[in-house]
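**Student:** output the structure for:
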Amino acid sequence: MNLFNDIRALVLEALAGLQAAGGLPEGLDFGNVAVEPPRDPSHGDMATNAAMVLARPSGQKPREIAEALAALLVADARIMAADVAGPGFLNLRLAPTVWQEVVQTTLREGANFGRSGMGQGKRVNVEYVSANPTGPLHVGHTRGAVFGDALASLLEYVGYDVTREYYINDGGAQVDVLARSVYLRYLEAHGQAVAFEDGTYPGDYLIEVGEALKDKVGAAYIDQPESVWLEAVRDFATDAMMLLIKADLGALGVQMDHYYSEKSLYGTGRIEAALADLEQKGLIYEGVLEPPKGKKPEDWEPREQTLFRSTAHGDDVDRPVKKSDGAWTYFAPDIAYHYDKIARGFDMLIDVFGADHGGYVKRMKAAVSALSDGRVPLDIKLTQLVKLYRDGEPFKMSKRAGTFVTLRDVVDQVGPDVTRFHMLTRKNDAPLDFDFARVLEQSKDNPVFYVQYANARVNSVLRKAAEAGIDVSDATLAAADLAKLEDEAQLNVARKLAEWPRLVELAGRTNEPHRVAFYLYDLASDLHSLWNRGNDLPALRFLDEQDAPASQSKIALARAVTVVISSGLGILGVTPAEEMR
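**Tutor:** Have a look, this model is predicted:
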């Protein structure tokens, strides 16, 4: 059930009626007619822009259309009032029975309330985290992991077939540095004194890896040149780091469907095949780029190179894919990787990058557009920085990691549920402050607590009602007489419930899971307001042990709230709290 879609269908039916009566010309496009919550709730329950968008193409004044439309809409029992506002907006007030039906529908559909087939089973690849396998995940990766995972769950919720994917950056120079760092720990495990030079990784997390390498090969690599041990140690170290990374993701509740190795692209012809596809399309050429304005990127050189004509697909400049010495640029394997995604039959691609990869957005979109002939859209989401605090003071770095705060530092401090919810309390491209003390506060200002407290409050009522012998099963509550749910605070909760199907589809269309977190806070706020109103008005209290039917009607509303909270938290990857400790 999507009440907004239902009322929009009613509006479209009324517009068709106006056309049939000669009040509107035939052939009008109703595609931009919308029914939405009004900006000011005091104006009504819903608002439609129908008269505004149809005025010009119909050659009529918007207020005239709105007044004629209002006269038809109020004939429907669901519409209590239709008021024309301003130049021609139409504000609608719905009958209480509509909101009561929303509660019943929520309880009848349960976990399926709000789910939709919007995605039509289309296959989506969501790539996120994709950190270099050189150490434990840091707090920046934490935000990307939470965002990507919640986005994947959101898309599944609205009907997409989603693959969660991690791209292992194991083909670049950084894994050689990792191997040399592990080799130093290996020597250290043999009792040798070592020094970590600039560029190596000094974190304590490699001590165990060095010891494990010693256990595996003994003294075989001692006093041996790099050519003997580098490749083997690189593979050993990468595998060890990926085990660590997978364990970190597991602690956060993130499970990937697929891990894709960058190294698998080299020496296998995959990079060459991707570029051959672009060359066949006339998009690869030999040329010299103009020097860039400002800071020069690492892959620019004032010599003839092999270039991708990315400007033909919306980029600002063409991009090098091969250097003058014949080596691939960083961009070349990324092209091949996305070529492989397209070949695997995905209908849509989403990449979640850190904010420092903002310069990569246009070139990657150009590459996917060229490789798929514009068929496969690529959406790139950037996650901004996370600033860590404790009681308002900057949080110190992790000794174990050497240079940064790890994902485990965060999860161990506050738990995965609090971590995940708080990481989604800001839009992905906005900076986020994370105060370890404040995210655990039990106050209205802490959205994690506020939502969980609402869920726990309702569960408390359900337990007490059951103890009093009142049947509060979902089937019984769905059949309860809800006619007495007429107080404005009760109707506000029902109105908010009605927004859930629309909200989740909107979040899915925009790839913005933070909208779910915002909505849950608002829903919890409406529930708490109703609860507090019951402190002053006993008739609004959810439980009256002397009046089971009245209790069931009010508890039905509260239980519907927990149905939606559970669904929303499920998208965010957060476990609903049964009780607060």
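
**Student:** show me the contacts for residue 50.
**Tutor:** Counting by CB atoms under 8 Å, 6 or more residues apart in numbering, residue 50 makes contact with 11, 15, 30, 33, 65-66, 69, 90. For glycine as for every other residue, the C-beta is placed from the backbone atoms N, C-alpha and C.

**Student:** make a markdown table from these and add neighbour count and pLDDT to it.
**Tutor:** Shown next, in a markdown table, are these (neighbours: other CB atoms under 10 Å; pLDDT from 0 to 100):
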| residue | neighbour count | pLDDT |
| --- | --- | --- |
| 11 | 24 | 96 |
| 15 | 23 | 95 |
| 30 | 14 | 95 |
| 33 | 18 | 96 |
| 65 | 24 | 94 |
| 66 | 27 | 94 |
| 69 | 25 | 96 |
| 90 | 26 | 95 |
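
**Student:** low-confidence ranges, the chain, go.
**Tutor:** Low-confidence regions of the chain, defined here as pLDDT under 70, cover residues 292, 294-301, 397-403, 581.

**Student:** secondary structure element for residue 381?
**Tutor:** Element membership of residue 381, judged by DSSP states H and E, is strand 378-383.

**Student:** so after that strand, what's the next helix or strand?
**Tutor:** strand 386-390.

**Student:** now do the buried residues in that following strand.
**Tutor:** Buried residues in strand 386-390, counting neighbours by 16 or more other CB atoms under 10 Å, are found at 386, 388.

**Student:** show me what it is packed up against.
**Tutor:** With contacts taken as 3 or more CB pairs under 8 Å, 6 or more residues apart in numbering; DSSP states H and E, strand 386-390 sits against helix 139-157, strand 432-435.

**Student:** elements contacting the very next helix or strand once past it?
**Tutor:** Remark: after strand 386-390, the chain's next helix or strand is strand 393-394, criterion DSSP H and E. Judged by 3+ CB pairs under 8 Å, 6+ apart, strand 393-394 is in contact with no other helix or strand.

**Student:** give me the three-state assignment for residue 307.
**Tutor:** On the three-state scheme (DSSP: H, G, I helix; E, B strand; the rest coil), residue 307 is labelled strand.

**Student:** measure it to residue 373 for me?
**Tutor:** Distance, residue 307 to residue 373, using CB to CB, to the nearest Å: 20 Å.

**Student:** the two - which one has more neighbours?
**Tutor:** Neighbours were counted for residue 307 and for residue 373 using other CB atoms under 10 Å; residue 307 has more, 21 against 9.

**Student:** which of the contacts of residue 50 lies closest to residue 131?
**Tutor:** Of all the contacts of residue 50, residue 131 sits closest to residue 33, with 45.2 Å by CB to CB.

**Student:** list the contacts for that closest one?
**Tutor:** Listed by CB under 8 Å, 6+ apart, the contact set of residue 33 reads 8, 11-12, 15, 48-50, 53-54.

**Student:** host element of it?
**Tutor:** Using DSSP H and E, residue 33 falls outside every helix and strand.

**Student:** tell me which element residue 544 falls in.
**Tutor:** Counting by DSSP H and E, no helix or strand carries residue 544.

**Student:** how many residues are close by residue 549?
**Tutor:** Other residues near residue 549 come to 11 when the count uses other CB under 10 Å.

**Student:** look at the residue lying closest to it once chain neighbours are set aside and tell me its secondary structure.
**Tutor:** Closest residue to residue 549 apart from its sequence neighbours, by CB to CB, 6 or more residues apart in numbering: residue 481 at 6.5 Å. Classification of residue 481 by three-state DSSP places it in coil.

**Student:** contacts only, for the residue nearest the centre of the chain.
**Tutor:** Central residue of the chain (CA atoms, centre = their mean): residue 151, 2.9 Å from the mean position. Contact analysis of residue 151 by CB under 8 Å, 6+ apart lists 126, 128, 350, 352, 381, 511, 513.

**Student:** pretty sure the fourth one sits against residue 125.
**Tutor:** This means residue 352. No: using CB atoms under 8 Å, residue 352 is not in contact with residue 125; the gap is 11.3 Å.

**Student:** assumed residue 164 was part of a strand.
**Tutor:** Yes: assessed by three-state DSSP, residue 164 belongs to a strand.

**Student:** closest one to residue 80 out of the contacts of residue 151, please.
**Tutor:** Using CB to CB, residue 513 comes nearest to residue 80 of the contacts of residue 151, at 34.4 Å.

**Student:** can you count the residues close to that closest one?
**Tutor:** 29.

**Student:** ok, it - contacts?
**Tutor:** 147, 150-151, 153-154, 424, 507, 571-572.

**Student:** ok, how many other residues are close to the residue nearest to it when sequence neighbours are not counted?
**Tutor:** Using CB to CB, 6+ apart and skipping the chain neighbours, the partner closest in space to residue 513 is residue 150 (3.9 Å). Using other CB under 10 Å, residue 150 has 27 other residues around it.

**Student:** ok, now residue 380?
**Tutor:** Residue 380: 19 neighbours (other CB under 10 Å).

**Student:** show the contacting residues for it.
**Tutor:** Listed by CB under 8 Å, 6+ apart, the contact set of residue 380 reads 350-353, 360-361, 364-365.

**Student:** now it, which residues is it bridged with?
**Tutor:** Beta-bridge partners of residue 380, counted by DSSP bridges, are residue 351.
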